[in-house]
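Q: Fold the following, please.
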Amino acid sequence: MALKIIVCAKQVPDTNEIKIDPVTKTLVREGVPSILNHDDANALEEALKIKDQYPDTHITIVTMGPPQAKDMLIECLAMGADAGVLASDRALGGSDTWATSNALAAAIEKIGEYDIIFAGRQAIDGDTAQVGPQIAEKLDLPQVTYVEEFKLADDQKTITVKRQLEDGYELIELQTPCMLTAIKELNTPRYMSVGGIFDAVKVEIPTWGAADLGVDTDKEVGLEASPTNVYRSFTPAPKGKGEMLSGDSEKEVVDKLLVGLKSKHVI
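A: Numbers count the residues shown, from 1 in each chain. The predicted structure is shown next:
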């Protein structure tokens, strides 16, 4: 049985100097270099590890973004994915997580049959960790987030995952089809291969607009249809310079620390 895997990925800005449009409160991407989102690279790597074990596995990468997001899809193909789909349309611009998940869920339904959907835990340009779970809800799929270990049984239907928690972990068994979101501890993403790069640029990557996805541009996608928005954005003030304490003994250092804290009325 050939496994069919879909990986949701996102092209994100590769910079610490994030700029926000003061009117729309969305990211300004012009002139900013972009990369494959880190957690999404881990999601893709886990799909590729399954393909290494079961070579007839078919992996499709799906993303929503501007036309240049095709470059990221080509990178994923060069790493070993089989196909890519780009959801791109001005009507999709400005979508929040709810609207984005509407578009991606529609794209996945259009792609058709699948056994596993992988996604990164969150994107570095938003850090919401909402899109993956929202897609699962809209597709009525069981889901596990924060996956740090993955095992596929020989029947290729039963999955056991280790889910990271703040104070421990959970071991969860579930059946396909399902949605899993990956964290960096899950694996180490591989590099593109030279042969993969040559093959990737030859792959035809379709671009689907809102009409192709069958989404309502007034109620389901886009800035106006998004129920959430950024109220305020600002650059945090830089932290003050730290002070290093030294002494001949631990007690001397602790005494200095106490004197300093008392002088600042912390204690």
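Q: And the strands in the stretch 51-200 of the chain, which stretches?
A: Secondary structure of the stretch 51-200 of the chain (DSSP state E, counting those that start in this stretch): strands at 58-64, 83-87, 116-120, 143-152, 158-165, 168-175, 178-182.
Q: Give me the sheet partners of the third one and which way each runs.
A: This means strand 116-120. Taking DSSP bridges as the criterion, strand 116-120 forms sheet pairs with strand 4-8 (parallel), strand 178-182 (parallel).
Q: can I get the ones you listed in JSON lines with distance to residue 134?
A: In short, each C-beta sits where N, CA and C put it, glycine included. Shown next, in JSON lines, are the strands paired with strand 116-120 (distance: least, CB to CB, whole Å):
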{"stretch": "strand 4-8", "distance to residue 134": "11"}
{"stretch": "strand 178-182", "distance to residue 134": "10"}
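Q: would you list the ones you listed in CSV and tack on mean pLDDT and distance to residue 111?
A: Listed next are the strands paired with strand 116-120 as CSV, based on pLDDT from 0 to 100; distance: least, CB to CB, whole Å:
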stretch, mean pLDDT, distance to residue 111
strand 4-8, 98, 6
strand 178-182, 97, 14
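Q: In JSON lines: those, plus mean neighbour count and distance to residue 260.
A: Shown next, in JSON lines, are the strands paired with strand 116-120 (neighbours: other CB atoms under 10 Å; distance: least, CB to CB, whole Å):
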{"stretch": "strand 4-8", "mean neighbour count": "25", "distance to residue 260": "49"}
{"stretch": "strand 178-182", "mean neighbour count": "26", "distance to residue 260": "43"}
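Q: Quick one, which of the ones you listed gets closest to residue 100.
A: The minimum distance between residue 100 and the strands paired with strand 116-120 falls on strand 4-8, with 9.8 Å, by CB to CB.
Q: Following element in sequence after that closest one, please.
A: strand 11-13 (DSSP states H and E).
Q: Check which strands are paired with that next one and give the direction for each one.
A: For strand 11-13, the paired strands and their directions (DSSP bridges) are strand 34-36 (antiparallel).
Q: neighbouring contacts of the strand it pairs with?
A: Residues outside strand 34-36 that contact it (CB atoms under 8 Å, 6 or more residues apart in numbering) are 9-14, 44, 68-69, 71-72, 75-76.
Q: switch to 6 Å and redo it
A: The contact list for strand 34-36 (CB atoms under 6 Å, 6 or more residues apart in numbering) reads 11, 13, 14, 72, 75.
Q: ditto for stretch 258-265
A: Stretch 258-265 is touched from outside by residue 267, with contacts defined as CB under 6 Å, 6+ apart.
Q: for stretch 71-88, same thing?
A: Contacts for stretch 71-88 (CB under 6 Å, 6+ apart): 11, 36, 44, 48, 58-64, 67, 69-70, 103, 107, 192, 196-197, 200, 203, 205-208.
Q: go on, stretch 201-217?
A: 70, 73, 77, 84-89, 91, 102-103, 106-107, 221.
Q: Repeat the analysis, applying 7 Å as the threshold.
A: Residues from elsewhere that reach stretch 201-217, judged by CB atoms under 7 Å, 6 or more residues apart in numbering: 70, 73-74, 77, 84-89, 91-92, 102-103, 106-107, 110, 221.
Q: and those, which of them are in helices?
A: The helices, defined by DSSP state H, take in 70, 73, 74, 77, 102, 103, 106, 107, 110 from the contacts of stretch 201-217.
Q: Could you tell me which of those residues count as buried?
A: Buried members of the ones in helices among the contacts of stretch 201-217, counted by 16 or more other CB atoms under 10 Å: 70, 73, 74, 77, 102, 103, 106, 107.
Q: any idea which of these is the one closest to residue 150?
A: Taking those together and measuring to residue 150 by CB to CB, the closest member is residue 77, at 22.1 Å.
Q: For that closest one, report the pLDDT, please.
A: Looking at residue 77, its pLDDT is 97.
Q: cool, and residue 20?
A: At residue 20, the pLDDT value in this model is 67.
Q: Next: residue 126.
A: 79.
Q: Tell me, how many residues neighbour the nearest residue to it once chain neighbours are set aside?
A: The shortest distance from residue 126 to any non-neighbouring residue, by CB to CB, 6 or more residues apart in numbering, is to residue 97 (7.4 Å). Residue 97 has 21 neighbouring residues, counting by other CB atoms under 10 Å.
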